[in-house]
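Q: when you get a sec, could you give me coordinates for this:
(6 chains)
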Protein chains: 6
Amino acid sequence: MYSLTVCDHIMIAHSFRGEEFGPAQKLHGATFAVEAEFRAEKLDHLQLLVDIGLAKVELRRILDTVDYSNLDDNPAFTGINTTTEYMAFHIHSLLAAACRDGRLGAGGQAVGSLKVLIRESPNAWAAYEGAIA
Amino acid sequence: MYSLTVCDHIMIAHSFRGEEFGPAQKLHGATFAVEAEFRAEKLDHLQLLVDIGLAKVELRRILDTVDYSNLDDNPAFTGINTTTEYMAFHIHSLLAAACRDGRLGAGGQAVGSLKVLIRESPNAWAAYEGAIA
Amino acid sequence: MYSLTVCDHIMIAHSFRGEEFGPAQKLHGATFAVEAEFRAEKLDHLQLLVDIGLAKVELRRILDTVDYSNLDDNPAFTGINTTTEYMAFHIHSLLAAACRDGRLGAGGQAVGSLKVLIRESPNAWAAYEGAIA
Amino acid sequence: MYSLTVCDHIMIAHSFRGEEFGPAQKLHGATFAVEAEFRAEKLDHLQLLVDIGLAKVELRRILDTVDYSNLDDNPAFTGINTTTEYMAFHIHSLLAAACRDGRLGAGGQAVGSLKVLIRESPNAWAAYEGAIA
Amino acid sequence: MYSLTVCDHIMIAHSFRGEEFGPAQKLHGATFAVEAEFRAEKLDHLQLLVDIGLAKVELRRILDTVDYSNLDDNPAFTGINTTTEYMAFHIHSLLAAACRDGRLGAGGQAVGSLKVLIRESPNAWAAYEGAIA
Amino acid sequence: MYSLTVCDHIMIAHSFRGEEFGPAQKLHGATFAVEAEFRAEKLDHLQLLVDIGLAKVELRRILDTVDYSNLDDNPAFTGINTTTEYMAFHIHSLLAAACRDGRLGAGGQAVGSLKVLIRESPNAWAAYEGAIA
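A: Residues are numbered from 1 along each chain as shown, chains lettered A, B, ... in the order given. Next comes the predicted model:
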């Protein structure tokens, strides 16, 4: 099994609903350092898993939909706590769709599974991994 | 599959028995930077895998049983080399029990598997992963 | 010259005023990983620069005044852009005062200068350094 | 499942063939920071997965075959783009053989699978993982 | 004293002349992770040291003159070993000129000194620092 | 001003005397990740600050005098707490002497000052810097 990972980051504001969140119920924010890991059983004829340039562009395009914003104001997250684990799932969904739709070329369509990991601080991170199809 | 990871560290003394260990047969020590990764198929109704506050408290409580000590003097490790890979297993056992016992709340009981990774130096680390049940 | 550095972090929301900030004029947020470096010419009779336990407690106490909050709502920052470089200066001022006031013990009062560095993302950080007195 | 990881690095020159590579078609180079993760179901009687000393020596011996060289001139890579993902596979093959051949001792022969991860820059890396046998 | 640091990286091929270099006399390569630290006594009226967007653009523009290339073929380095310490000086010269020429705005012209640090591997790096003027 | 930094690490046991140390009065241990930064105003005719190979060998030779040992048993530290800041000073003294004695070649003798930084955990480190002469 091969994998290729590219990184980028976003800077967002949000708040959480639920007593479990303690002080994080107040409006606060986070730098989310995002790692997108593409996995495939084979490389193509150029020894590439996916085109790393396309991968970075697509990840950036997806992150731009939430970067520099208050997630509390985003209709996509109505009634949802935008926890790090949930945001990993959200970005995974969009990036998996980009693979399926051919935005990462033939290599992206050959990707079997995808893992999105988000570092929220030096000592906490969350991830979502799952099949592309 | 979702995952959530929290980190902490301990500073311990120990020595190893067996010629294979060379100079590490002498009493020496290590900073063990510990990463505990909780894995589950689903998030709860608040979009949480486990309560990160509880996870940090339980990991700290477990690490306190060995932090700032000489592992050679600990009856739990009689006749056992406290290698990094073994200590990952040891902490895994205690943290898995904490999940089963409800110390990490309902989220902890829904955790499917757990991975404990310990970094012993900038260029060596070990881990143990396994089911909670 | 000796130095001792301790780290912690905060998660804040804020926005900036000024066209130069582009998309960062919108409400967004950041994880600020804070490094506080204490400098002194000598160690004390116990070979300590400052008591690392006290240093961590004081840094945490200061960070608690802004952690999990929207800096735009904080009267301390009225008319001020809470840039990373400015926040380094702000935390420096509070931590220098804690040293002068004896909150870090005799070691803290012997500190000659202090540097506060804040990492806002994997590829950008800012700092402020200056004398304690 | 236990794992043990050791790290080292190489500094190589190379170029890529294929329009997809853009400016990387020109002769350039990279520092490849290599992480070799050995996995096994059990530890031996000394609580070791593999002898970490042997593991470092074998990884170094393998890396020496390509370190400080121009990969374009290496007959092993004729007609092959030495992408990061391919080089992870290449090093995996050699290190898996070293395990099978007993170069890492009995521990190495008990290794079930191996993952080789190569960091090519602060924000991109690739890996290959597979069974030893 | 305030400072602001931005990062980027390049991937280059080169070789060294001189027996002291041992195997590095052969054509090889490196990923140079570059950190540019701008220093100033004051922030501007917006609480900025330099416009971080401009700083990243100028650093990138300068790095593009050597990225994805064989430094041995670059007339700028005839008769010069492109060691990490020398490349830090080279990039420092170009970035200092960019500050003086106003490419980083008024903030850049108020920069007092600049440090360029290049990480060549996980355990070696070099830097050059000096006044802008 | 140029600088060149090389890294290595040691794994030691020790204990501290003084109530201020709390639980660290018990025998425990640490991984000390050591960074040695050499500073000089000029590079030599090969564009080198110091021979990086010699620097690594000398740092290793010095670290070997304390690696894999219990510092409490070392006569060099009788009556001294081997705090991270003190150990930075200790290693600085030995490495500065190595420079003066010509063990790092002519480059080492041209070094003006030296900084030794020791990371004891992911969130605490200490350093000593001073002139070579």
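Q: report the central residue of chain A.
A: residue A:91 (3.3 Å; C-alpha atoms, centre = their mean).
Q: surely that one and residue A:116 touch.
A: Yes: counting by C-beta atoms under 8 Å, residue A:91 does reach residue A:116; the two are 4.9 Å apart. Bear in mind the C-beta positions are built from the backbone N, C-alpha and C, glycine included.
Q: which neighbours do these two share?
A: Residues touching both residue A:91 and residue A:116 (C-beta atoms under 8 Å, 6 or more residues apart in numbering or on different chains) are A:34, A:36.
Q: contact partners of the lowest-mean-pLDDT helix or strand in chain A?
A: Least confident helix or strand of chain A, by mean pLDDT, DSSP states H and E, is helix A:105-109 with a mean of 92. For helix A:105-109, contacts defined as C-beta under 8 Å, 6+ apart pick out A:38, A:40, A:44, A:48-51, A:54-55, A:58, A:98-100, A:102.
Q: and these, which of them are buried?
A: A:38, A:40, A:44, A:48-51, A:54-55, A:58, A:98-99 (16 or more other C-beta atoms under 10 Å in any protein chain shown).
Q: how far away is the residue of chain A most remote from its centre from residue C:94?
A: Largest separation from the mean C-alpha position in chain A: residue A:45, at 27.7 Å (C-alpha atoms, centre = their mean). Distance, residue A:45 to residue C:94, by C-beta to C-beta, to the nearest Å: 60 Å.
Q: with residue A:107 instead?
A: Distance, residue A:107 to residue C:94, by C-beta to C-beta: 51 Å.
Q: of the two, which one has the most company?
A: Higher neighbour count among residue A:107 and residue C:94: residue A:107, with 22 against 16, using other C-beta atoms under 10 Å in any protein chain shown.
Q: quick check: closest non-adjacent residue to that one.
A: Ranked by C-beta to C-beta, 6 or more residues apart in numbering or on different chains and with sequence neighbours excluded, the top spatial neighbour of residue A:107 is residue A:50, at 3.9 Å.
Q: helix or strand: which one has that neighbour?
A: Taking DSSP states H and E as the definition, one finds residue A:50 inside no helix or strand.
Q: touching, it and residue A:38? I think so.
A: Yes: if you go by C-beta under 8 Å, residue A:50 and residue A:38 touch, sitting 5.2 Å apart.
Q: now do the shared contacts for the two.
A: Residues touching both residue A:50 and residue A:38 (C-beta under 8 Å, 6+ apart): A:4, A:99, A:104, A:108, A:111.
Q: what is the helix ranked longest in chain A packed up against?
A: Taking DSSP state H as the criterion, chain A has its longest helix at helix A:84-100. If contacts are counted by 3 or more C-beta pairs under 8 Å, 6 or more residues apart in numbering or on different chains; DSSP states H and E, helix A:84-100 sits against strand A:28-40, helix A:52-63, helix A:105-109, strand A:113-121, strand A:124-131, strand B:2-14.
Q: which pLDDT value belongs to residue A:133?
A: Predicted confidence (pLDDT) for residue A:133: 75.
Q: mind checking the SS state of it?
A: Three-state call for residue A:133 (DSSP: H, G, I helix; E, B strand; the rest coil): coil.
Q: same question, residue A:47
A: Per three-state DSSP, residue A:47 ends up coil.
Q: any idea how far it is from chain F?
A: 32 Å (C-beta to the nearest C-beta, to the nearest Å).
Q: show me what contacts that residue?
A: By C-beta under 8 Å, 6+ apart, residue A:47 lies in contact with D:80-83, D:85-86.
Q: mind putting those residues in JSON lines, neighbour count and pLDDT included?
A: Supplementary listing: those in JSON lines, determined by neighbours: other C-beta atoms under 10 Å in any protein chain shown; pLDDT from 0 to 100:
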{"residue": "D:80", "neighbour count": "15", "pLDDT": "98"}
{"residue": "D:81", "neighbour count": "24", "pLDDT": "98"}
{"residue": "D:82", "neighbour count": "22", "pLDDT": "98"}
{"residue": "D:83", "neighbour count": "25", "pLDDT": "98"}
{"residue": "D:85", "neighbour count": "26", "pLDDT": "98"}
{"residue": "D:86", "neighbour count": "22", "pLDDT": "98"}
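Q: quick check: residues of chain A near chain B?
A: Contact residues (C-beta under 8 Å from any C-beta of the partner chain) of chain A with chain B: A:16-18, A:20-22, A:80-86, A:88-89, A:122-130.
Q: from what I can see residue A:120 touches residue A:84, true?
A: Yes: using C-beta under 8 Å, residue A:120 makes contact with residue A:84 at a distance of 4.7 Å.
Q: chain D contacts on chain A?
A: Within chain A, the residues that sit near chain D (C-beta under 8 Å from any C-beta) are A:1-8, A:43, A:46-49, A:51-53.
Q: out of the residues you listed, who's the most crowded?
A: residue A:49 (28 neighbours).
Q: thought that residue was touching residue A:6?
A: No: between residue A:49 and residue A:6 there is no contact under C-beta under 8 Å: 10.8 Å.
Q: of all of chain A, which residue lies closest to chain F?
A: Residue nearest to chain F within chain A: residue A:122 (6.8 Å; C-beta to the nearest C-beta).
Q: near the closest residue to that residue other than its chain neighbours, how many other residues are there?
A: In space, and not counting its chain neighbours, residue A:122 is closest to residue C:33: 5.4 Å by C-beta to C-beta, 6+ apart. As a burial measure, residue C:33 scores 20 neighbours (other C-beta under 10 Å).
Q: residue contacts, residue C:33?
A: If you count contacts by C-beta under 8 Å, 6+ apart, residue C:33 has them with A:121-122, C:7-9, C:118-119.
Q: which of those residues has the most neighbours?
A: Going by other C-beta under 10 Å, residue C:118 tops the contacts of residue C:33 with 25 neighbours.
Q: ok, how many other residues are close to residue A:131?
A: Residue A:131 has 10 neighbours, counted by other C-beta under 10 Å.
Q: residues in contact with it?
A: Each residue near residue A:131 by C-beta under 8 Å, 6+ apart is listed here: A:112-114.
Q: and if you look at residue A:74?
A: Residue A:74 is in contact with residue A:66, counting by C-beta under 8 Å, 6+ apart.
Q: and residue A:35, by the same measure?
A: The contact partners of residue A:35, taken as C-beta under 8 Å, 6+ apart, are A:5-7, A:115-119.
Q: ok, now with 6 Å
A: Remark: with contacts taken as C-beta atoms under 6 Å, 6 or more residues apart in numbering or on different chains, residue A:35 is in contact with A:5, A:7, A:117.
Q: residues touching the last one, list them.
A: Going back to what we said before, that points to residue A:117. Residue A:117 makes contacts with A:35, A:127, as judged by C-beta under 6 Å, 6+ apart.
Q: quick revisit: for the residue nearest to residue A:107, give me phi and psi.
A: With angles defined as degrees, to the nearest 10, residue A:50 sits at phi -130, psi 160.
Q: hmm, it is touching residue A:36, no?
A: No: contact criterion C-beta atoms under 6 Å: residue A:50 and residue A:36 do not qualify, at 9.9 Å.
Q: what sits closest to residue A:116 if chain neighbours are left out?
A: residue A:92 (4.3 Å).
Q: residue A:44 too?
A: Spatial nearest neighbour of residue A:44, excluding adjacent residues (C-beta to C-beta, 6+ apart): residue A:107 at 5.7 Å.
Q: can you count the residues close to the residue nearest to residue A:116?
A: Using other C-beta under 10 Å, the number of residues around residue A:92 comes to 23.
Q: make sure residue A:118 is actually in contact with residue A:30.
A: No: if you go by C-beta under 6 Å, residue A:118 and residue A:30 don't touch, sitting 8.9 Å apart.
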